[in-house]
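> need coordinates for the below:
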Amino acid sequence: MALLIEARNYIAYHESIDQRRLPPHVRLQVSYESMRVTSRLTQVMAWLLAQKAVHAGELTIAQMASEDYALSGGDICADPTGPENEELPNGLRSLLERSHRLYMRVARLDEMVRDEAARAVG
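Okay, here's the model as predicted:
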């Protein structure tokens with residue numbers, strides 16, 4: 001949640017200030033990478049809410065094993081590029097790195113949960 005709030009604050013308040021002094025091609029990269037942070041965090045939050053629903057008894061393990069509740073966005077979200085780009089503002093680079101680490105941790109958890117759910121169902 002702290003990372004989500006930090007990302008929201010960066011995008012809402014700091015991104016436009018950081019972009020004013022950047023050349024147009026870097027501003028485009030900032031917009032793209034900000035969307036990648038948003039995508040990662042959105043996917044993680046959706047996955048966590050589905051897990052919460054399973055633990056609350058609102059979803060079954062069989063439902064959880066379906067693709068509807070899998071962590072998605074892998075092609076974009078799992079891509080680790082961005083933090084090494086020194087043209088990007090430091091705040092965004094930090095968000096990119098930390099959101100990637102979080103997404104990859106949740107991807108490993110998703111794989112474990114799905115394997116366990118498949119064993120329980122099948």
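> so what touches stretch 80-92?
10, 14-15, 18, 22, 26, 29-30, 33-34, 36-37, 93-94, 96-97, 100 (C-beta atoms under 8 Å, 6 or more residues apart in numbering). C-beta coordinates here come from the backbone N, C-alpha and C atoms, glycine included.
> give me the buried entries from the residues you listed.
Buried members of the contacts of stretch 80-92, counted by 16 or more other C-beta atoms under 10 Å: 10, 15, 18, 26, 29-30, 33-34, 36-37, 93, 96, 100.
> from those, pick the one nearest residue 71.
Taking C-beta to C-beta as the measure, residue 71 lies nearest residue 100 of those, at 13.5 Å.
> the closest one contacts residue 39, doesn't it?
No - between residue 100 and residue 39 there is no contact under C-beta atoms under 8 Å: 11.1 Å.
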